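Enquirer: model this:
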Amino acid sequence: MPQKPRFAGAFAFPGGAQAAPAQRACRATPHYAEGMPDVTLLTKPGCHLCDDARPVVERVVAAYPGVTLTEKSILDDDALRLEYAEDIPVVLVDGRVHSNWRVDEDRLARALEKAGASA
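Expert: Next up, the predicted model:
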């Protein structure tokens, strides 16, 4: 099983050395869903970093009408738990990993704008 690339929140290096060639191509030319972007916050109960990230994500999403926010616990889904157990909180924008551990408010806002959201 190939190892998934690691991300370091605001310090992520798209197309980094650990990413597979197909993944580098996707990051170089992002494809976002049509319409307003969807934001998913992956968390788990008792996670203090999740408690820190939640209000940041909520604040950014609130500034973009039409953007949807869904919060999912990785404990409710075995696949999510296996994939992200050590990376939470994880923010997904249109199903793609945007950040983990810490959420940079400005960086998330720029990603939503790039994905087609307008304030």
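Enquirer: how far does stretch 102-117 sit from its chain's centre?
Expert: 10 Å (C-alpha atoms, centre = their mean, to the nearest Å).
Enquirer: so for that stretch, mean pLDDT?
Expert: Stretch 102-117 comes out with an average pLDDT of 92.
Enquirer: please export the C-alpha coordinates of it as CSV.
Expert: Written as CSV, here are the backbone C-alpha positions of stretch 102-117 (Å, rounded to 0.1, in the frame of the first residue of the first chain):
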residue,chain,number,x,y,z
ARG,A,102,-3.6,23.9,12.5
VAL,A,103,-5.8,26.0,10.3
ASP,A,104,-4.6,29.3,8.8
GLU,A,105,-7.6,31.6,8.4
ASP,A,106,-6.2,33.6,5.5
ARG,A,107,-5.0,30.5,3.6
LEU,A,108,-8.4,28.9,3.9
ALA,A,109,-10.1,32.0,2.7
ARG,A,110,-7.8,32.1,-0.3
ALA,A,111,-8.6,28.5,-1.1
LEU,A,112,-12.3,29.1,-1.0
GLU,A,113,-12.0,32.1,-3.3
LYS,A,114,-9.9,30.0,-5.7
ALA,A,115,-12.6,27.3,-5.5
GLY,A,116,-15.2,29.9,-6.6
ALA,A,117,-16.6,31.3,-3.4
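Enquirer: buried stuff in that stretch?
Expert: Buried residues in stretch 102-117, counting neighbours by 16 or more other C-beta atoms under 10 Å, are found at Val103, Asp104, Arg107, Leu108, Ala109, Ala111, Leu112, Ala115, Gly116, Ala117. All C-beta spots, glycine's among them, are computed from the backbone N, C-alpha and C.
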